[in-house]
Each structure stands twice: as C-alpha cells, then as structure tokens.
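*Asks:* Everything below, folded, please.
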Amino acid sequence: MNKKYIYNAILFIVLVIILDIVSGIFLKQLLVTVKSGEIHKTNYVLNQVNTEVLIFGNSRAQHHYIPNLIEKKTGMSCFNCGRDGTGILYNYAIFKQVIVRYKPKVVIFELSDYNSLYEGEKKYNDLSLLNPYYSDFEEIKKVIDLKGFNEKIKHLSKSYELNSTVVQILSGQEKKVKNDNGYVPLQGIYNNMTTENNIKIAIKNIDKNVIKAITDINNISLENKFKLIFVISPYFKIVEKSPIAENYIIKSFKKQNILFIDLSRNDLFINDIKFFKDRTHLNIYGAELFTNIICQEIKSISEKR
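*Replies:* Residues are numbered from 1 along each chain as shown. As a prediction, this is how the structure comes out:
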C-alpha cells in the first residue's frame with residue numbers, strides 16, 4: 001500500500017513537472033508572436049528598438065512624450081518605452097537590458113513624482129510584468145531578484161513566468177494596431193467640476209534600491225557617453241513639497257552632474273484644463289506643449305561636448 005502511494009505521488013509530481021514545462025514552452029512561443037499591446041511593445045524594446053533617443057517611465061511617460069515631434073524638432077529618431085503602471089525599478093531593468101544591445105544618444109527618465117523615490121511594495125509588484133523575460137535576459141533577472149530570494153525558487157517553474165500574462169499574450173495575437181513610436185495620445189479635456197486639493201506626497205524612507213538604480217543609470221550614461229535627463233512632467237494641481245526626496249535629488253543629482261527638469265509646478269500647465277486629460281495626465285495638446293519644451297532641452301545638451 002505504501003509503495004503504491006509513493007509510486008502515485010512520484011507519478012503525480014512528474015506529470016506536474018511535465019505539464020509545467022510544456023505549458024511554459026507553449027506560452028513562450030506565443031509570447032514572441034504577440035502583435036499588439038504592452039507585451040508587443042516590450043518585446044520590440046528589448047529586441048529591436050535602435051533609436052537615438054529613448055524615453056522610459058510609467059503612464060506619464062507613455063502619454064506625455066511624442067517621439068515624432070522630438071524627431072522633427074531635434075533631427076534624432078526617438079521611441080517611447082513608457083508603460084502604464086510601472087515604476088523606476090521596472091524601467092531600470094528594461095533600460096539595463098536595452099543598453100546591452102546598443103547605445104542611444106539621449107535617454108530620458110520620467111520620474112513621475114517624488115513618491116517614486118520612497119519605499120513601497122508597488123515598486124516591486126510591477127516587476128512581475130517582466131516575469132516572462134526572467135530566463136532570457138540577465139539584466140532583467142537581476143532586478144527581479146531584488147524582490148527576494150524566493151523569486152529564484154518561483155522561477156524554477158516555467159509556467160509561473162508566464163501565467164500572469166496569459167490574457168495579454170492571447171489577446172495580443174490579434175491584428176497589430178497603430179503605434180506612434182510607443183506614444184499613446186490621450187484625447188479629451190479634463191472635466192474638473194469640483195475643487196481639488198494640491199497633490200500630496202507621502203513621507204516615507206527613500207528606497208535604497210531606487211537610489212542604487214539611479215546612480216547606476218548615471219554611471220552607465222557616463223561610461224557609454226550618452227546624455228541623460230531625469231524629468232517630472234506637469235501636473236494639473238501643484239505637487240506639494242517633499243523635503244526628504246527633493247533634498248536628495250537636489251544634492252545627489254548636483255553631485256553626480258545629472259540634468260533634472262521638474263515641471264510639476266510649471267505655471268504654463270497648472271490649473272489649465274485644456275492641457276489635461278485628468279489631474280495627472282496631459283492630453284494631446286498638453287503633450288505637444290510639454291514635448292516642445294523637452295525638445296529644447298535635448299537640443300541644448302546635445303550641443304554640449
């Protein structure tokens with residue numbers, strides 16, 4: 001009886017392992033054939049993008065920087081690598097992997113706000129979006145492993161790497177939609193019918209891994225001799241001051257000679273509904289105005305030796 005139980009248990013484990021491997025191989029094959037959506041964009045960034053200007057960040061990057069306008073104004077090709085719902089560490093991982101393959105001339109990081117420097121689970125939770133690439137890209141693997149040692153154990157399962165993206169992989173098999181070099185325009189004007197308070201910043205400890213990532217990004221830019229800009233793009237309401245994060249940025253960025261542009265309190269945009277889709281995102285008109293400002297900065301630093 002015991003032998004039969006042990007035999008059945010071993011058989012069950014073997015079948016689970018085989019199913020895990022087969023499903024992982026199947027989903028991985030589908031992953032590379034995705035024709036639309038965020039996964040298609042990520043695949044393109046990791047394997048093909050080769051423009052002179054690259055933009056990294058969350059939804060405020062994806063909806064605020066217009067590559068076609070940057071190319072027209074600066075004469076340099078551009079791709080917007082931004083992805084909704086991501087943070088510094090996610091974009092750091094993508095950046096690191098892209099730099100292995102080729103070197104751009106200008107890299108722009110949208111910091112979004114000072115909250116992005118503080119400790120918080122979200123910075124690590126969004127790294128699960130990169131699980132499908134864990135086994136294939138060493139730089140991405142290193143950043144995902146910042147979540148803890150248990151990530152190495154979890155990724156022994158091939159289906160684990162892809163199970164959170166099954167819906168996106170399957171839906172992405174449909175026909176490819178138009179993509180303006182990674183930029184996704186937001187139409188419409190903010191319908192601000194109520195009085196809103198200024199945007200508050202949570203006061204927490206600064207995340208050490210974020211600091212290391214920013215320092216590494218700067219070191220890589222210096223080693224590879226490309227220009228680096230960190231930006232906080234405009235908000236509809238004034239972003240309240242965050243002494244800990246702001247003091248760090250002012251001192252650290254100055255010490256490292258990092259160009260930092262904070263337009264979060266810029267008078268051209270504050271309280272002007274015609275430039276916003278919502279309180280944190282520019283619409284297409286706001287994006288055009290903002291991108292023109294960024295173009296001037298790109299041209300300015302590109303002229304410096």
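
*Asks:* same for the helix or strand hosting residue 96, what does it pack against?
*Replies:* Per DSSP states H and E: residue 96 is located in helix 88-101. Where contact means 3 or more C-beta pairs under 8 Å, 6 or more residues apart in numbering; DSSP states H and E, helix 88-101 is packed against helix 37-47, strand 53-56, strand 106-110, helix 122-125, helix 138-144, helix 208-224. (Glycine included, C-beta is placed from N, CA and C.)

*Asks:* Lowest average pLDDT across these?
*Replies:* Lowest mean pLDDT within the helices and strands packed on helix 88-101: helix 122-125, a mean of 80.

*Asks:* Give the other helices and strands that it contacts.
*Replies:* Applying 3+ C-beta pairs under 8 Å, 6+ apart, one finds that helix 122-125 contacts helix 88-101.

*Asks:* For residue 185, give its distance to residue 85.
*Replies:* Distance, residue 185 to residue 85, by C-beta to C-beta, to the nearest Å: 18 Å.

*Asks:* Which one of those two is surrounded by more residues?
*Replies:* residue 185 (16 against 13; other C-beta atoms under 10 Å).

*Asks:* Mind jotting down where the helices sit in the chain?
*Replies:* Ranges of helices within the chain are 2-31, 37-47, 59-62, 67-74, 88-101, 122-125, 138-144, 150-154, 160-163, 166-171, 208-224, 243-255, 284-303, based on DSSP state H.

*Asks:* Determine which of those shows the lowest mean per-residue pLDDT.
*Replies:* Comparing mean pLDDT across the helices of the chain, the lowest value falls on helix 166-171: a mean of 60.

*Asks:* If you count neighbours, what's buried in stretch 297-305?
*Replies:* Neighbour counts using 16 or more other C-beta atoms under 10 Å place 297-298, 302 of stretch 297-305 among the buried residues.

*Asks:* So residue 181 is in contact with residue 82, correct?
*Replies:* No: here residue 181 lies out of contact with residue 82, judged by C-beta atoms under 8 Å, at a distance of 11.1 Å.

*Asks:* Of the two, give the one with the bigger neighbour count.
*Replies:* It is residue 82, of residue 181 and residue 82, that has more neighbours when counted by other C-beta under 10 Å, with 26 against 19.

*Asks:* Can you give me the distance of the more buried one to residue 147?
*Replies:* In terms of C-beta to C-beta, residue 82 sits 22 Å off from residue 147.

*Asks:* what do you get for residue 34?
*Replies:* According to C-beta to C-beta, residue 34 stands 24 Å off from residue 147.

*Asks:* again, but for residue 18
*Replies:* To residue 147, residue 18 is 28 Å away according to C-beta to C-beta.

*Asks:* And for residue 6, the neighbour number?
*Replies:* Count around residue 6 with other C-beta under 10 Å applied: 10.

*Asks:* Relative to residue 303, how far out is residue 67?
*Replies:* 20 Å.

*Asks:* Please apply the same query to residue 50.
*Replies:* Taking C-beta to C-beta, one finds residue 50 at 23 Å from residue 303.

*Asks:* just residue 241 next, same as before
*Replies:* 33 Å.

*Asks:* How about residue 276?
*Replies:* The spacing between residue 276 and residue 303, counted by C-beta to C-beta, is 32 Å.

*Asks:* Ok, residue 213 next?
*Replies:* Counting by C-beta to C-beta - residue 213 and residue 303 are separated by 28 Å.

*Asks:* same thing with residue 117?
*Replies:* As for residue 117, its distance to residue 303 is 30 Å (criterion: C-beta to C-beta).

*Asks:* ok, back up a step: ok and the helix holding residue 96 relative to strand 106-110, angle-wise?
*Replies:* On the basis of axes from the mean of the first three to the mean of the last three C-alpha atoms, to 10 degrees, helix 88-101 is oriented at 170 degrees to strand 106-110.

*Asks:* List the buried residues for helix 88-101?
*Replies:* By neighbour count on 16+ other C-beta under 10 Å, the buried set for helix 88-101 is 88-99.

*Asks:* now, among the residues you listed, which is nearest to residue 290?
*Replies:* Within the buried residues of helix 88-101, proximity to residue 290 (C-beta to C-beta) peaks at residue 91, which comes in at 18.7 Å.

*Asks:* Neighbours of the closest residue to that closest one other than its chain neighbours, how many?
*Replies:* Distances taken as C-beta to C-beta, 6 or more residues apart in numbering place residue 56 nearest to residue 91, at 4.1 Å, with adjacent residues excluded. If you count neighbours by other C-beta under 10 Å, residue 56 ends up with 24.

*Asks:* ok now do residue 56, which residues does it touch?
*Replies:* Contacts for residue 56 (C-beta atoms under 8 Å, 6 or more residues apart in numbering) come out as 81-82, 91, 94-95, 107-110.
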